[in-house]
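S.K.: Quick one: sequence plus predicted model below, questions after.
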Amino acid sequence: MLEIPRAESIKKYIPNLTMLIIENSSVDSQLSKITADDLVGFECLQELYIENCDIEYLPGDLFKHTPKLEIVSFHSNKIKYIDEGI
């Protein structure tokens with residue numbers, strides 16, 4: 001699962017968040033994968049940038065909880081596999 005410090009606080013206090021940027025989380029981080037469950041609560045999200053983090057895999061149902069998502073960037077990650085359905 002995505003290990004974002006205070007992720008629950010973000011969802012609770014900014015429920016209408018439209019842009020989320022996570023950068024440079026590869027050093028001493030647990031951020032090597034992301035699942036659809038990590039994006040629950042971000043239904044208003046329109047832009048998602050997870051860059052330079054060590055993400056290796058993108059599951060096919062990743063964006064099922066983010067119906068308004070229009071822009072996605074996984075620049076400078078270590079993606080080895082993108083599941084069908086993305």
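M.R.: Perfect, I can see it now.

S.K.: pLDDT weak spots in this protein?
M.R.: 1-9, 26-30 (pLDDT under 70).

S.K.: all strands for it, in order.
M.R.: 19-23, 47-51, 57-58, 71-73, 81-82 (DSSP state E).

S.K.: Show residues contacting the third one.
M.R.: To tie it back to what came earlier, the one meant is strand 57-58. Under the criterion CB atoms under 8 Å, 6 or more residues apart in numbering, residues 33, 34, 74, 79, 80, 81, 82, 83, 86 lie in contact with strand 57-58. Heads up, the C-betas are built off the backbone N, CA and C, glycines and all.

S.K.: and which of those residues is nearest to residue 10?
M.R.: Using CB to CB, residue 34 is the member of these that sits closest to residue 10, with 14.7 Å.

S.K.: ok, the closest one to residue 78 distance?
M.R.: Distance of residue 34 to residue 78, computed by CB to CB, to the nearest Å: 13 Å.

S.K.: Can you check which residues contact both of those two?
M.R.: residue 55.

S.K.: Which of those two has more residues huddled nearby?
M.R.: residue 34 (24 against 13; other CB atoms under 10 Å).

S.K.: Residue 72 versus that one, what's the distance?
M.R.: For residue 34, the distance to residue 72 - CB to CB - is 11 Å.

S.K.: Thanks a lot, catch you later.
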